[in-house]
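Q: Here's a sequence, model it:
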Amino acid sequence: MTATHTYASDVAFTPAVKSIQTRKGSRDGYAHAEQRGWRTGVDENLAAFLADANSFYLATASADGQPYIQHRGGPKGFLKVLDKQTLAFTDYAGNRQYITQGNLSENPKAYIFVMDYAHRRRVKIWGEARVVEDDEALTTSLMPKGYRARPEQVILFKIAAWDTNCPQHIPQKFDAADVAAALAARDAKIAELEAEVAALKAAKPSLPANES
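A: Alright, predicted model coming up:
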C-alpha cells in the first residue's frame, strides 16, 4: 500500500474525518473501535460472504480524485479469494469505456462494496487494485465455468482493511432466481399434499346406502 497507517481504519478515518467525528461527538466511540482494529485479511466469515455474492460495486478515482463506481456481476463466488490479502475476478468485455482501468493506471486506490439485500448485510473493503492483461492461465482459472461472458483481463485487489455495517436502512430484496426456486418448492409441496388428500379420499370406505 502507498500509505502507512497507525490503525487499519485510518484508511477511511482520515484526519479530516476524525475532526468531524470530534465535532459531532462520535470520535470517542470510534477511537475505542479502532483500538480493537478493523480486519486486514480474509477470515472465514468474509470468505463465506464472498462465496455467496453474485454482485458488488468497485470504486476507483482518477489521479485528480474524480470518483467512479462500476457494478460487477456474475455467478455466486465469481469474486474469488486468492489468499488472505488478495481478491481477484475476471473482468468481462463490456462497453469498452475503460474508465476503471484508466483510473487504476494512475491511482491504484480502490474500494469494494458488497451488498446482501436478502439478509440485509453489507461489507466494505478498502485496498489497491491492478489490472492484469495477457495472463491466459490466470484468466482461465478465475473465469466461472459455463458463464456466458467474454473474459478480457483480470483485476487483482489487495486488501488494506475491511469492515461491516449494521442492517439499518437496508431494504430487503431477493434475487429473482431465489424467489423462483422458493415458489417452485412451495408448488411442489402443495402438489404433494393434494396428492395425499386425493389418496386418502380414495381409500376412505363408502357408507352403505340407507334401506327404504
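Q: From now on I want contacts and neighbour counts done on CA atoms only, so please keep to that.
A: Will do.
Q: got any ranges where the chain has weak pLDDT?
A: By pLDDT under 70, the low-scoring segments of the chain are 1-3, 206-212.
Q: Could you point out the longest helix of it?
A: Assignment by DSSP state H gives helix 176-203 as the longest helix of the chain.
Q: what's the spacing between that one and its chain's center?
A: Distance, stretch centre to chain centre, for helix 176-203: 33 Å (CA atoms, centre = their mean, to the nearest Å).
Q: all helices for this protein, in order.
A: Under DSSP H, the chain gives helices at 15-24, 27-36, 44-51, 99-106, 136-142, 176-203.
Q: Most tightly packed of the ones you listed?
A: Most buried of the helices of the chain, by mean neighbour count (mean count of other CA atoms under 10 Å): helix 99-106, with a mean of 17.
Q: that older thread, need the helices of the chain in CSV (columns: distance to L82).
A: As requested, these are exported to CSV (distance: least, CA to CA, whole Å):
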stretch, distance to L82
helix 15-24, 32
helix 27-36, 26
helix 44-51, 10
helix 99-106, 20
helix 136-142, 10
helix 176-203, 28
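Q: can you tell which of the ones you listed is closest to S62?
A: Smallest distance to S62 across the helices of the chain (CA to CA): 4.5 Å, for helix 99-106.
Q: Figure out which of the helices of the chain is closest to T60.
A: Proximity to T60 (CA to CA) singles out helix 99-106 among the helices of the chain, at 6.3 Å.
Q: outside of stretch 47-61, which residues touch it?
A: Stretch 47-61 has contacts (CA atoms under 8 Å, 6 or more residues apart in numbering) with 67-81, 100, 103-104, 107-116.
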